[in-house]
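S.K.: Let me see the structure of the following:
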Amino acid sequence: MKRFGVGLIATAILKLAFGADADEPDDVELIRNARADSNDAIARHDVAGIVSHLDEDYQVTTSLGQLLQRPNGETDSWQQLIATRENLKYVRTPESIEISDGYPLAAETGTWIGSWSAADGEVRTGGRYAAMWRKVDGAWKIRSELFVALYCDGASCPALE
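M.R.: All right, here's what the predicted structure looks like:
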């Protein structure tokens, strides 16, 4: 019985210290989980799952520098990518996630790898990325992303335009 009482006291102390239930994930963990779910959605070619993680005013600077501002236009973009790049996968791996003290915003940085099958073989590309997340109605959504390609291996590497 003493163990049970100690556990309740420890839980109460954690709640007081952190202002939340110790079992609830923190914002960094929520963003890491959302990023992992987004990676999984891309691997499954689940366009609705991919887009569900994007803020309504999402914008992206692609890996070769093209700025795309397409509120609610990402569905078509992802469908086209999946249709033209067989076995398409993109994996973004966070290295740092920082939560703003004064705004419902977070900054994420890390590395990314993209791969797909082309008629002349496999393509593998990757580099660094930064993302801005915004908390909307209690859920973290990607507001903007910047990708920088640092390498590409394969005959069908996209050209810098």
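S.K.: Strands along this structure, start to end?
M.R.: 54-61, 67-69, 86-99, 105-118, 121-136, 139-153 (DSSP state E).
S.K.: what's the distance between the longest one and the middle of its chain?
M.R.: Put plainly, it is strand 121-136. Remark: strand 121-136 is offset 7 Å from the chain centroid, using CA atoms, centre = their mean, to the nearest Å.
S.K.: of the strands of the chain, which approaches Arg35 most closely?
M.R.: strand 86-99 (5.8 Å; CB to CB). Bear in mind the C-beta positions are built from the backbone N, C-alpha and C, glycine included.
S.K.: Run the chain-centre distance for that closest one.
M.R.: On CA atoms, centre = their mean, the centre of strand 86-99 falls 5 Å from the chain's centre.
S.K.: what's that strand in contact with?
M.R.: 27-28, 31-32, 35, 38-39, 42-43, 45, 81-82, 105-118, 129, 131 (CB atoms under 8 Å, 6 or more residues apart in numbering).
S.K.: quick one, what contacts the residue most central in space within the chain?
M.R.: The structure's the chain has its C-alpha centroid closest to Arg35; by CA atoms, centre = their mean the separation is 3.4 Å. Arg35 makes contact with Arg92, Pro94, Glu108, according to CB under 8 Å, 6+ apart.
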